[in-house]
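K.L.:
the following block contains a protein sequence and its predicted model.
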Amino acid sequence: DAGVTQSPTHLIKTRGQQVTLRCSPKSGHDTVSWYQQALGQGPQFIFQYYEEEERQRGNFPDRFSGHQFPNYSSELNVNALLLGDSALYLCASSHTGGSLGNQPQHFGDGTRLSIL
Amino acid sequence: SQQGEEDPQALSIQEGENATMNCSYKTSINNLQWYRQNSGRGLVHLILIRSNEREKHSGRLRVTLDTSKKSSSLLITASRAADTASYFCATGSGGSYIPTFGRGTSLIVHP
């Protein structure tokens, strides 16, 4: 049973470029969340997708956008990259059900994005 | 701003000792979760405690929750070198679908 998989594992971009990161959720999960984790910090919530729609969004600019496909996989797109976008980007999946916010999330190992 | 804040920021102990880390939060919560993150890896869910629970156990882990003090603690008993990692608490509250993470406690267990 595969867990959450993310690709690529590492990526180097330059300022102003655009990037797309990909995530496949754990089997049986229908909800995908994206997080940005700067070095030495906790994960910061970017947004969550459920039923192919953005269900909730954190405090990130519109340069950050996403998509969820019918097979529940998801993409994170970042436009006009800034040096400050350098971070580990984590995808987490969960199964919607039960009380809101009460579902443990399963994380992938992330994509390390470096902006030069 | 982040809801949960872990304390201490860093903890260094010898193998076999117990490790205790704390989490404080500011607003009412539905639940609190603890996660572990090994260097360069994703987070691993350890335990979830609901707001109406006071203590929960999982193997060598014991989590307590004091909603009156808005705090939680994670105790790892008989620590092992493999427990070396960062530990995060995450709170879920109100209509939020998403747990909010603190900055973490970095635990080093020396063999």
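P.N.:
Now that the structure is in, tell me what you want to look at.
K.L.:
helix or strand with the lowest mean pLDDT in the chain?
P.N.:
Just so you know, I chose chain A. Scoring the helices and strands of chain A by mean pLDDT, DSSP states H and E places strand A:53-57 at the bottom, with a mean of 90.
K.L.:
ah, I was thinking of chain B
P.N.:
Using mean pLDDT, DSSP H and E, the lowest element in chain B is strand B:100-101, with a mean of 84.
K.L.:
quick check: closest non-adjacent residue to residue 57.
P.N.:
Just so you know, I chose chain A. A:Phe47 (4.4 Å; CB to CB, 6 or more residues apart in numbering or on different chains). Heads up, the C-betas are built off the backbone N, CA and C, glycines and all.
K.L.:
not quite, go with chain B.
P.N.:
Closest to B:His57 by CB to CB, 6+ apart is B:Val63, at 7.8 Å.
K.L.:
identify the residues contacting the most centrally placed residue in chain A.
P.N.:
Compute the mean C-alpha point of chain A, and by CA atoms, centre = their mean the closest residue is A:Trp34, 2.6 Å away. By CB atoms under 8 Å, 6 or more residues apart in numbering or on different chains, A:Trp34 lies in contact with A:Cys23, A:Phe45, A:Ile46, A:Phe47, A:Gln48, A:Gly66, A:Ser74, A:Leu76, A:Tyr89, A:Leu90, A:Cys91, A:Ala92.
K.L.:
who wins on neighbours among those residues?
P.N.:
In terms of neighbours by other CB atoms under 10 Å in any protein chain shown, the contacts of A:Trp34 top out with A:Cys91 at 30 neighbours.
K.L.:
beta partners of it?
P.N.:
A:Trp34 (DSSP bridges).
K.L.:
next one: the residue nearest to the centre of chain A from A:Tyr89, what distance?
P.N.:
7 Å (CB to CB, to the nearest Å).
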